[in-house]
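Asker: below: sequence and its predicted model.
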Amino acid sequence: QLQLVESGGGLVQPGGSLRLSCAASGSTLAVYAIGWFRQAPGKEREGVACISSWAEFQWYADSVEGRFTISRDNAKNTMYLQMNSLKPEDTAVYYCAADRYSVSCRPNYDHWGQGTQVTVSS
């Protein structure tokens, strides 16, 4: 059973950067579609960035396009979300997720991390 553990959240000033990490265990992350999602207070969980297992599908939310980058390191069995030029509206709990067959960024993936808080504030 694939398990995901996130790290890297925290408090950052507007315009700053953070890199979220999500370490996988129990299975090989390389064969999964991976994604990052976020949920702000009072809002539904939304897709931020997703990439399919063979990278034939890549998607970024319009609100983060050009600022966030999703990636994976197969040797480390880890996925990342590099977040630059952060804005207060990026404040949310961020979740990593993986799914064996997904080609979308809808929040219906099979495996989820526990979530990590990102707060963008001066």
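Answerer: Looks like it arrived, so ask away. Residues are numbered from 1 along each chain as shown.

Asker: beta-bridge partners for the residue positioned nearest the centre of the chain, please?
Answerer: Note on the chain: the residue nearest the mean C-alpha position is Trp36, at 2.2 Å, using CA atoms, centre = their mean. Beta bridges link Trp36 to Ala49, Cys96 when assigned by DSSP bridges.

Asker: next up, the contacts around it.
Answerer: Contacts for Trp36 (CB atoms under 8 Å, 6 or more residues apart in numbering) come out as 20, 22, 47-50, 68, 70, 79, 81, 94-97. The way it works is simple: take the backbone N, C-alpha and C, and place the C-beta from them, glycine included.

Asker: how close does it get to Ser122?
Answerer: Computed with CB to CB, to the nearest Å, the distance linking Trp36 and Ser122 is 24 Å.

Asker: tell me the SS of Val93?
Answerer: Three-state call for Val93 (DSSP: H, G, I helix; E, B strand; the rest coil): strand.

Asker: so how far is Asp62 from it?
Answerer: Taken as CB to CB, the span from Val93 to Asp62 is 20 Å.

Asker: now swap in Cys96 and tell me
Answerer: Applying CB to CB to Cys96 and Asp62 gives a distance of 21 Å.

Asker: which of the two has more residues huddled nearby?
Answerer: When Cys96 and Asp62 are compared for neighbours, Cys96 comes out ahead with 29 against 6, by other CB atoms under 10 Å.

Asker: surely the more buried one touches Gly113?
Answerer: Yes: with contact defined as CB atoms under 8 Å, Cys96 counts as touching Gly113 (4.3 Å).
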